[in-house]
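A.B. asks: Whatever this is, show me its structure:
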Amino acid sequence: FIWQYLWGPVVADAAGQPVVHEGIRAVSGYNPVNTVTYLAAVGYSLPGIRAYLDHLDVSFDARLAYGFAPIIVAGGAMRALEDIGVLGDYAVLFITPTIYFVVAVVAVIALGVGAVARDRGVASVPAAIAAVGVVWAVGAVGWAFWYGATNPEPLRLWVPVATTGIALGITGLYYWGAGAVKGVPLRHPLFLLAVFGQMWDGAQNLIGVTFLGYSPKLVVTNLVYQATGFSGSTFVLKLLVTGGIVWYLADAKAEMNHTWWWLMTFFLGAIGLPMGVRGSLRMMLGV
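C.D. replies: Numbering: from 1, shown residues only. This next block holds a predicted model:
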């Protein structure tokens, strides 16, 4: 059971083809079992994350969320590098779910570095975390562009431009529309990050399915696509679901524990952002 639904898909993804172990065949990609398992692991980890941040006396604000953004971008870029097959024996570290642990370890280390930098008066916690993430993200994204520049296949530079542009456009429309709603703090910077991250993922799905012959990778979005046959189904679904969750979180902000509110809002953007990066880079490189 573990081989077929959990570990086998990781090995198959690294191998680039279905694999068989003791007569049991495993294929790469998401399935209902590993999807539920990963979501459960995220939910189970939240109290530990909160306790760690409390121990470091870290402020839960928008600056901290944006400080983490480069690390999330780097994770998505590393996943794209695994897709194109340049990581060699280290590929298995950057496949679901192991990549989550790798990124989590880097984030935990960056938090520790940030706390030390703050205590010594060198830099703020968000700035130190962002510095760690920027170095990793620039290296990973730069590697992807270098690979594309030295590969005979032409780069589809229009793909990241289009996906980023769509995400920015929707986020701008959201910001404009949120200004018309009175009494609900819909323009909070964390909501802007959440909307942008989810819409970037939705945009890469829209571009890939509509123009490049891709199909949605996640179980739920693929089921919706198969049921509707509409290439923009993932984009519309993410738009509606994200809007609903943001409205709920904005409405509940005054009543919820601030730490839990911050974690829930941050994770909304953190789930979409790396997928937008990965999909945009993959399609740009023709993988």
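A.B. asks: low-confidence ranges in the protein?
C.D. replies: Residues of the chain that meet the criterion pLDDT under 70 are absent altogether.
A.B. asks: Strands along that one, start to end?
C.D. replies: Along the chain, counting by DSSP state E, strands occupy 19-21, 24-26.
A.B. asks: need the contact list for G272.
C.D. replies: G272 is in contact with A194, G197, Q198, M199, W200, D201, G202, K238, T242, counting by CB atoms under 8 Å, 6 or more residues apart in numbering. Placement of C-beta: from N, CA and C, glycine included.
A.B. asks: rerun at 6 Å
C.D. replies: Under the criterion of CB atoms under 6 Å, 6 or more residues apart in numbering, the neighbours of G272 are G197, Q198, D201.
A.B. asks: which ones are touching the residue nearest the centre of the chain?
C.D. replies: Central residue of the chain (CA atoms, centre = their mean): P274, 2.8 Å from the mean position. Residues near P274 by CB under 6 Å, 6+ apart: I72, G75, G76.
A.B. asks: Now, the residues you listed that are in helices?
C.D. replies: Members of those lying in helices (criterion: DSSP state H): I72, G75, G76.
A.B. asks: Adding neighbour count and distance to L212, write these out as TSV.
C.D. replies: Below are those laid out as TSV (neighbours: other CB atoms under 10 Å; distance: CB to CB, whole Å):
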residue	neighbour count	distance to L212
I72	26	24
G75	28	23
G76	27	18
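A.B. asks: would you list those residues in CSV and tack on distance to G286?
C.D. replies: Shown next, in CSV, are the ones in helices among the contacts of P274 (distance: CB to CB, whole Å):
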residue, distance to G286
I72, 24
G75, 22
G76, 18
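A.B. asks: of all these, which comes closest to I2?
C.D. replies: Minimum distance to I2 across the ones in helices among the contacts of P274 is 24.4 Å, recorded for G75 (CB to CB).
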